[in-house]
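Here is the input, now give the coordinates:
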Amino acid sequence: MYKKIILLFSLAALVMAGRAAVRLPHVIGDGMIIQQNSDVHFWGWAKPGKVIKVKASWTRDKFSTTADQSGRWSIKVHSPKAGFTPLSITFNDGDRVTVNNILSGEVWLCGGQSNMEMPMEGWDNCPTKGYNDEMLAAGRHGGIHVCTIPRVWSDTIHTDADCSWKAVSAATLGEASATAYYFARTLYETLNIPVGIIVACRGGSSIEAWLTPENVKANTDLPLEIGAVKKRFGNWDSGYPACWYRGTLYPTIGYTVKGFIYYQGCSNVGSPVGYYSKLMKVLVDQWRKDFGSDRLPFYFVQISPYIYSNADDIAAALLRDEQYKASKMISNSGMVCTEDLVYPWEIRNIHPAQKDKVGSRLAMMALKHDYGYSALLTENAEYESMSISHDTVTIHLRNMYRGFYPTGRMTGFEVAGDDKAFHDAEAWTVGKNVVQMRCAAVKNPVAVRYCFRNFKLGDVHNSAGLPLVPFRTDNW
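Numbering: from 1, shown residues only. Got it, this is the predicted structure:
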């Protein structure tokens, strides 16, 4: 009798396998946002050789594709212009699967580590500024949909993730990435169209964790065999090379997106000069290739002031400098400077509260460069040149627009002489793009730094209210 029962279950399983409906990855599901006016990529699995017929509610055209020998299939369907009318699409290989409540709009992938992961509800002793106000307004932002990919590291490729799309509401907002949400909210309120954000991040993750094994091997000396990885990194799985790419990012690859926002870098503080900027270029090239276009915009966040091992050390400043260099190396990219988005009392908080301004600055870059809002002022103030006369240093800046705001005394500058010892300088503005400074302790200055320490706050902004990027004129 027992053998008969086992046989019946086995036969039933074979019948079900033969009739198995076409299967979709979870990222393609009810409530998703699809990129408007694009050839949107859909994919999934079916029985090898099966023909999958596709019918979208927004077009009379019919489409079909065939599953390959591994059972994988893919197809592209052109999407309509953005709108709030719910759409649907059906995939039929003999058994139908329909995805409902789709909206056409703008889709962005949001990656990085804990400052991208940090939810609207915050973490212990790490609040998010504006949480209550956003909860009260959540009902007005239901056109923003969020898909958060579970944090999974793996030494093998994961083709799917247990995720789902959720419309913003008072019930769902708390768990959404704060930086990604504020980015999406600014787009949503400005463009008045649906916005989708796919969040794939992991607190503490290194940049190497988001690279392909091939790119790790070609650009680093890190191991890839999991035994060697665990021996080198121990329990710090956030740093496992390629493992977060394979387990968390890979299930999203192929989804049609407008571009990327990225907030990572803290776990690479201490990297050699030249290393991080090179890897950022590799990462952007890789992601653009994976998502189908070498022109996809990539906007990222410079790591914020934080004490790390010592507030006066420069390890974090060197990493910020690498990020700044990367912004100049990578086409169609932009960097948000956060020098002014940390409160003095957050010296020991690696997750600053002002995610609202981080997200809105990212969004303003996208609005200017990708949505036609060319009049927006989105460039950070930057160092341009230096001259020295006796005990006075003159610094010329660029991207000042109409000048300084606020004007008056400037803080954050340090000068040094040949002894390489830096001292705080008294600085003042001259015209709309010049700062002069001197220091009684340095009679013959040769070098200047601005906020070039792990934690040092300044107050230099251009007329758009955007901060001066930390810099140094030396290479000591």
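
for the closest residue to Val107 other than its chain neighbours, which residues make a bridge with it?
Excluding the flanking residues, the one nearest Val107 by C-beta to C-beta, 6 or more residues apart in numbering is Gly196, at 4.3 Å. Every C-beta, even on glycine, is put in place using the N, C-alpha and C of the backbone. Applying DSSP bridges to Gly196 yields these beta-bridge partners: Val107, His145.

Show the contacting residues for Gly196.
By C-beta atoms under 8 Å, 6 or more residues apart in numbering, the contact list for Gly196 reads 32-34, 103, 105-108, 144-147, 165, 184.

between those, which has the most around it?
Counting neighbours by other C-beta atoms under 10 Å, Ala184 comes out on top of those with 32 neighbours.

Help me confirm that that residue is found in a helix?
Yes. Secondary structure of Ala184 (DSSP: H, G, I helix; E, B strand; the rest coil): part of a helix.

Just confirm it contacts Trp108, I think it does.
Yes. Between Ala184 and Trp108 a contact is recorded at 7.3 Å, counting by C-beta atoms under 8 Å.

could you give the mean pLDDT of stretch 92-108?
Across stretch 92-108, pLDDT averages out at 97.

How far off centre is that stretch?
In this view, stretch 92-108 has its centroid 25 Å away from the chain centroid, taken as C-alpha atoms, centre = their mean, to the nearest Å.

can you pull the buried residues of that stretch?
Buried residues in stretch 92-108, defined by neighbour count with 16 or more other C-beta atoms under 10 Å: 92-93, 97, 99, 102-108.

ok, the residue nearest to Val460 when sequence neighbours are not counted to Pro194 distance?
Distance criterion C-beta to C-beta, 6+ apart; nearest residue to Val460, sequence neighbours excluded, is Leu468 at 4.0 Å. Distance, Leu468 to Pro194, by C-beta to C-beta, to the nearest Å: 36 Å.

neighbour count winner among the two?
The neighbour count for Leu468 versus Pro194, taken as other C-beta under 10 Å, is higher for Leu468 (28 against 25).

Across the sheet, point out what pairs with the more buried one.
Under the criterion used (DSSP bridges), Leu468 bridges to Ala381.

Next one, pLDDT for it please.
98.

That one reaches Asp459, doesn't it?
No. Contact between Leu468 and Asp459 fails when scored by C-beta under 8 Å: they sit 9.1 Å apart.

what touches both of these two?
Common neighbours of Leu468 and Asp459, counting by C-beta under 8 Å, 6+ apart, are Gly412.

show me where the chain has helices.
Using DSSP state H, the helices found in the chain span residues 2-18, 114-117, 131-137, 178-191, 213-219, 226-233, 243-244, 275-290, 315-329, 355-370.

what's the pLDDT at Ala56?
On the pLDDT scale, Ala56 gets 98.

which ones are touching it?
The contact partners of Ala56, taken as C-beta under 8 Å, 6+ apart, are 63, 77, 87-90.

Tell me the spacing between it and Ser164.
Plainly put, Ala56 is 21 Å away from Ser164 if you go by C-beta to C-beta.

And Leu376, by the same measure?
Using C-beta to C-beta, we find Leu376 at a distance of 34 Å from Ser164.

Which one's more surrounded, those two?
Just comparing Leu376 and Ser164: by other C-beta under 10 Å the higher neighbour count belongs to Leu376, 17 against 14.

mind pulling up the phi and psi values for that one?
Backbone geometry at Leu376, expressed as degrees, to the nearest 10, gives phi -60, psi 140.

check contacts around it.
Going by C-beta under 8 Å, 6+ apart, Leu376 touches 364, 367-368.

What residue spans form the domains of this protein?
By the assignment in automatic domain parsing, the chain contains the domains 21-104, 105-370, 382-472.

Do a quick rundown of the strands in the stretch 51-200 of the chain.
Using DSSP state E, counting those that start in this stretch, the strands of the stretch 51-200 of the chain run over 51-56, 62-66, 72-78, 83-92, 96-112, 144-148, 165-167, 195-201.

Can I get the second one in PDB, CA atoms only?
Taking only C-alpha atoms (Å, rounded to 0.1, in the frame of the first residue of the first chain), the coordinates of strand 62-66 have been written out as PDB:
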ATOM      1  CA  LYS A  62       0.500  39.800 -30.000                       C
ATOM      2  CA  PHE A  63       3.900  38.400 -29.200                       C
ATOM      3  CA  SER A  64       5.500  35.000 -28.700                       C
ATOM      4  CA  THR A  65       8.800  33.400 -27.800                       C
ATOM      5  CA  THR A  66      10.100  29.900 -27.200                       C
END
